[in-house]
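*Asks:* Need a 3D model of the following:
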Amino acid sequence: MRSMDIIRPFPARVPPLPGESLTSLIRRTTEAMGYESVARVVSLLAERGRLPRHLNQLLPGRVFDYLAALLCQPPETVSSLTVHHFAPSLVLVQKDQPPARVCDSQTILRYFSSSWLVCPACLGQDQVPYERLLWSFQPIPICVEHGCLLINRCPACQRPLRWDRPDVSRCRCSQRLGDVEPLAVSSQGIRLSQGLQQVLLGSVQAFTEMSAAACFWWGDRMAAAIRRTPTWLTKFGQCLGLQPQCHDDAIAWIAAAEILNDWPRRLEAFLDVFQQIDKHKTTSTGVGRRFGTLLRQAAKLEELGHPAPAVALRQYLVAHYAGGHLSGKVCLFQKAKERSALRQRAWVTQTLAAKMLGLRHGTVAKLMQEGILQGRLHPAGQHGRSIGLVLRKSVETLQAELHDPLDVQAAARRLGVDRHRVLDLIHSRIFPRAIRTAKGWLIPRASVVELKNFCERLPAGKPTSSRWLSVRQATRMFGPTGLTLALLVELIRVQRVSARMADLEKRLNGIVVSHTDLMALVSEIRDRRDQQHGYPVHHLGKVLFPNRPIKCSVIKKWIAARLLKARKSGRARLVAAEEVERFRLEYCPAEEACRSLGITRSTLSRWEVEGLVQPVYGKRVTPGAGFSLYRRADLAGLSRRRAA
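*Replies:* Next up, the predicted model:
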């Protein structure tokens, strides 16, 4: 074939088929003339000017006009076969500007695939197989006519499908693409793809305040975010019946279409998951760490006159975001009107919460840990720094409760006890909403009224026998075991101790309790005190080792030798429950050492003389010691050596 033969127009016009691409029309035209491939046409077009990667992306100009004349087609018809036919729906412009007529390179790279996709079902039913222009449009990876996924690789040889292959219905390995079994997609995926296609063709409005171009531009950003969210990708892929590892791009775009279709409720659900995904930021807080570039992209759309994403994200941040502070530095809140919305935010900083309640800054975190305020503490950076947010509603609730509070003296007068008993009730969480300020303790009036009403509801009656004790008598008699007024009130509330109101005018001091019930709870009260506050030295000797009492002086010697750690509380020494448990696991008395080794006490003494075992405390290492203490690790090592 000579070049002079091809530069002349084809003798007959080949009409385009519905939705056909330009490369498909060129292929069918050359086949009608008896040529084997379109390579010669491409080479001749290249002599006229620069060609794009695909002829479907050919811009109007000298080469375009030459190709239109060569195909005997009007330029408008040739343009409708290229990606520029979709330019009004894809090129993002200012809202008040006219729509674009051609697609720029960024738009082409963003929306049109570099590989060549085909629908096996379409090729299988076509009498004259041809390529559709929509097949290369990435946001619609599904054939809406047959409800199947488009393919971009030959299932036989796994090579990408090239656009310039000789036969559109066959791969270069001779595999007939129309015989490939289509991969069906769920009805939800088909419905979403149909909606995207209607928006692309201009049949329907995208959604409120968004043009089609802005809709696709934001959908592309959402698809990129979904690809970085494996949990969302996997869950939605299961709904479509697809595997994310094989079709993540297709799933991401359909999932983005679902978010746009159910706006903004579905966006909020996605943002809840997207916040938890690790991103490139080194800090664990801040909107950049949580949302990546979504906020900046929404701000850019708003500047172009499409505010819907920015409005939705702004509302989400104000209502739901609890991962850090929000200020005018965030791009969505840089204008005065937008910053005013931050005053209505559901979450406030610890500083603002402390200012609203009149507290020190550090008190707010403690109130959150105690459950009085609802909030979240997040690590921020290094050196143990943290950032905390408090739910505004919980602050306002506590603020309302403390509008007319009672101090310790007023609460003591109302309850008929001294101020030390009121402090005991506060520390024991009988008044759970009491807080400490610079002016002292503030107790909600409702908490005091509730306790007072509880006392008044007790059965009335004066004691007729010695088995009833007044509150003062009970705390004096059982005080050494750990019984306090607060613990007594708690036991009465849970009905573990019987109580009566003997004198209503004395209020708490007018209550009498059962001596029998308290006697039955002595050991439990003592254990509770020991677990919470620690074991006194004189009591620890009785319970440290079961059935082996130890003198208080021996315990003090162990404390002096740093075998046992104790803390001072006034004039007393207390040993924490965790320290007691550690001591029991590390050390044992001589009787237990003999049982573990299977020997007698005389043999153990002989081994001490021979140096086989050494006590950490005993008369051979500690002058005046009448008790031997052994390290369990030493005994275990001796047992292993004997076995060897």
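*Asks:* Output the contacting helices and strands for the helix or strand hosting Val449.
*Replies:* For Val449, the host element (DSSP states H and E) is helix 445-456. Secondary-structure packing of helix 445-456 (3 or more C-beta pairs under 8 Å, 6 or more residues apart in numbering; DSSP states H and E): helix 408-415. Glycine gets a C-beta too; all of them are placed from N, C-alpha and C.
*Asks:* Rounded mean pLDDT for the helix it packs on, please.
*Replies:* Helix 408-415 shows a mean pLDDT of 92.
*Asks:* Could you check the angle the helix holding Val449 makes with helix 408-415?
*Replies:* Helix 445-456 runs at 30 degrees relative to helix 408-415, counting by axes from the mean of the first three to the mean of the last three C-alpha atoms, to 10 degrees.
*Asks:* all numbers from here: first residue = 18
*Replies:* Right, with 18 as the first residue, what we last looked at is helix 462-473.
*Asks:* Tell me which residues are up against helix 462-473.
*Replies:* 418, 421-423, 428, 431-432, 442, 447-451, 506, 510, 518, 521, 524-525, 527-528 (C-beta atoms under 8 Å, 6 or more residues apart in numbering).
*Asks:* Next SSE downstream of it?
*Replies:* Assignment by DSSP H and E places the next element after helix 462-473 at strand 485-487.
*Asks:* residues making contact with that following strand?
*Replies:* For strand 485-487, the surrounding residues in contact (C-beta under 8 Å, 6+ apart) are Met494, Arg517, Ala519, Asn526, Ile528, Val529, Val530, Ser531, His532, Leu535.
*Asks:* Among the residues you listed, the buried ones, what's the PyMOL command?
*Replies:* Command for PyMOL that selects the buried part of the contacts of strand 485-487, burial taken from 16 or more other C-beta atoms under 10 Å:
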select buried, resi 517+519+526+528+529+530+531+532+535
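*Asks:* which among the contacts of strand 485-487 gets closest to Val110?
*Replies:* Nearest to Val110, judged by C-beta to C-beta, of the contacts of strand 485-487 is Ile528 at 80.1 Å.
*Asks:* And that closest one, how close does it get to Glu473?
*Replies:* Distance of Ile528 to Glu473, given as C-beta to C-beta, to the nearest Å: 11 Å.
*Asks:* So for these two, which residues contact both of them?
*Replies:* Common contact partners of Ile528 and Glu473 (C-beta under 8 Å, 6+ apart): Met518.
*Asks:* Break the chain into its domains for me.
*Replies:* Here the domain parsing of the chain from automatic domain parsing is 20-98, 202-213+222-362, 419-473, 485-545, 551-661.
*Asks:* Looking at the ones you listed, which is nearest to Lys372?
*Replies:* Closest of the domains of the chain to Lys372 is domain 419-473, at 12.2 Å (criterion: C-beta to C-beta).
*Asks:* what comes up buried for the helix holding Val466?
*Replies:* Buried-residue list, helix 462-473, by 16+ other C-beta under 10 Å: Arg462, Ser464, Val465, Leu468, Lys469, Cys472.
*Asks:* go on, stretch 122-130?
*Replies:* Thr124, Ile125, Arg127, Tyr128, Phe129.
*Asks:* Where does Ile576 sit: helix, strand or coil?
*Replies:* Recorded secondary structure, Ile576: helix (DSSP: H, G, I helix; E, B strand; the rest coil).
*Asks:* What is the burial count for the closest residue to Ala358 other than its chain neighbours?
*Replies:* In space, and not counting its chain neighbours, Ala358 is closest to Val335: 5.4 Å by C-beta to C-beta, 6 or more residues apart in numbering. For Val335, the number of neighbouring residues by other C-beta atoms under 10 Å comes to 19.
*Asks:* go on, Arg658?
*Replies:* By other C-beta under 10 Å, the residues close to Arg658 number 9.
*Asks:* Could you do Arg244 as well?
*Replies:* By other C-beta under 10 Å, 18 other residues sit near Arg244.
*Asks:* which residues does it contact?
*Replies:* Contact analysis of Arg244 by C-beta under 8 Å, 6+ apart lists Leu250, Asp265, Asp266, Ala269.
*Asks:* Quick one: find the helix or strand in this protein with the lowest mean pLDDT.
*Replies:* The helix or strand of the chain with the poorest confidence is helix 20-23; it has a mean of 43 (mean pLDDT, DSSP states H and E).
*Asks:* helices and strands around the helix or strand following that one, which ones?
*Replies:* Per DSSP H and E, the first helix or strand lying C-terminal to helix 20-23 is helix 39-49. Applying 3+ C-beta pairs under 8 Å, 6+ apart, we find helix 39-49 packed against helix 56-65.
*Asks:* For the helix it packs on, which residues meet the burial criterion?
*Replies:* For helix 56-65, the neighbour count (16+ other C-beta under 10 Å) marks Val58, Leu61, Leu62 as buried.
*Asks:* how about it as PDB, C-alpha atoms only?
*Replies:* Taking Å, rounded to 0.1, in the frame of the first residue of the first chain, the C-alpha atoms of helix 56-65 are listed here in PDB:
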ATOM      1  CA  ALA A  56      -0.700   1.300  12.300                       C
ATOM      2  CA  ARG A  57      -0.400   2.900   8.900                       C
ATOM      3  CA  VAL A  58      -3.000   5.500   9.700                       C
ATOM      4  CA  VAL A  59      -1.300   6.300  13.000                       C
ATOM      5  CA  SER A  60       2.100   6.700  11.200                       C
ATOM      6  CA  LEU A  61       0.600   9.100   8.700                       C
ATOM      7  CA  LEU A  62      -1.100  11.100  11.500                       C
ATOM      8  CA  ALA A  63       2.200  11.300  13.300                       C
ATOM      9  CA  GLU A  64       3.700  13.000  10.300                       C
ATOM     10  CA  ARG A  65       1.100  15.800  10.600                       C
END
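*Asks:* And it, what does it pack against?
*Replies:* Counting contacts by 3+ C-beta pairs under 8 Å, 6+ apart, helix 56-65 is packed against helix 20-23, helix 39-49, helix 79-87.
*Asks:* do that again at 7 Å, thanks
*Replies:* Helix 56-65 sits against helix 20-23, helix 79-87, with contacts defined as 3 or more C-beta pairs under 7 Å, 6 or more residues apart in numbering; DSSP states H and E.
*Asks:* re the thing from before, what kind of secondary structure is the residue nearest to Ala358 in?
*Replies:* Secondary structure assignment for Val335 (three-state DSSP): helix.
*Asks:* Okay, and which of the contacts of strand 485-487 map to strands?
*Replies:* In strands, defined here by DSSP state E, the members of these are Arg517, Ile528, Val529, Val530, Ser531.
*Asks:* right, and the last one touches Ser483 too?
*Replies:* Going back to what we said before, that points to Ser531. No: between Ser531 and Ser483 there is no contact under C-beta atoms under 7 Å: 11.2 Å.
*Asks:* Distance of the closest residue to Ile576 other than its chain neighbours relative to Pro324?
*Replies:* Once flanking residues are discounted, Ile576 sits nearest to Ala583: 4.9 Å by C-beta to C-beta, 6+ apart. Counting by C-beta to C-beta, the gap from Ala583 to Pro324 is 66 Å.
*Asks:* what do you get for Val633?
*Replies:* Separation of Val633 from Pro324 (C-beta to C-beta) stands at 75 Å.
*Asks:* Next: Glu198.
*Replies:* Taking C-beta to C-beta, one finds Glu198 at 46 Å from Pro324.
*Asks:* Look at these two and report which has more neighbours.
*Replies:* Per other C-beta under 10 Å, whichever of Glu198 and Pro324 has more neighbours is Pro324, with 18 against 9.
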